[in-house]
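Q: Starting from these lines, generate the structure:
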Amino acid sequence: MTVARHLVMLIAGVVLAAHCFAREAAANPRADRSHPAPTSREFARCAKHAKGMRAMQHCDSQEVDFQQRQLDRAFAHLIATRPGDRERLEVGQAAWSQRKDAKCMVFSRRRGSLNSLKAMDCFREEIAKRRRELTKFARGERG
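A: Have a look, this model is predicted:
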């Protein structure tokens, strides 16, 4: 093997190890309370038992779907509690969605399964963060 090939393999190993560390933190939320995006119990179980890239991609995909459903519920609740703001809220949500897609699709356009995981993690975290923002806004909280 060439030195460049060894370097690529080393970097891929480091990135995979960091990703696995992040998954372990998600699977054990008590160990890391500062995790940016709370995940479902199902995701924690799935991530804990995932062996290999495809299994991790499956866990991420399921969790993104779950987080999106939660966001949709939070947005519907916000619209229901603030019907006079419907148009403004819909415009804001559409703008947020475009920003999220632009931020996270960068990883999807790159080759390699690690980039696929990065993209799914980005979607999951951005969706969960937006849900928290909408929930706070619905309660009248700022920040």
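Q: secondary structure element for M56?
A: Assigned by DSSP states H and E, M56 falls within helix 53-81.
Q: Might you report the residue contacts of the most centrally placed residue in the chain?
A: The centroid of the chain falls nearest to R124 when counting by CA atoms, centre = their mean (1.5 Å). Shown in contact with R124 (CB atoms under 8 Å, 6 or more residues apart in numbering): 37, 39, 60, 63-64, 67. (Each C-beta comes from the backbone N, C-alpha and C, glycine too.)
Q: Quick check: the two most widely separated of the residues you listed?
A: A37 and D60 (11.6 Å; CB to CB).
Q: More neighbours: which of these two?
A: D60 (24 against 18; other CB atoms under 10 Å).
Q: show me where the chain has helices.
A: 3-27, 41-49, 53-81, 86-108, 113-139 (DSSP state H).
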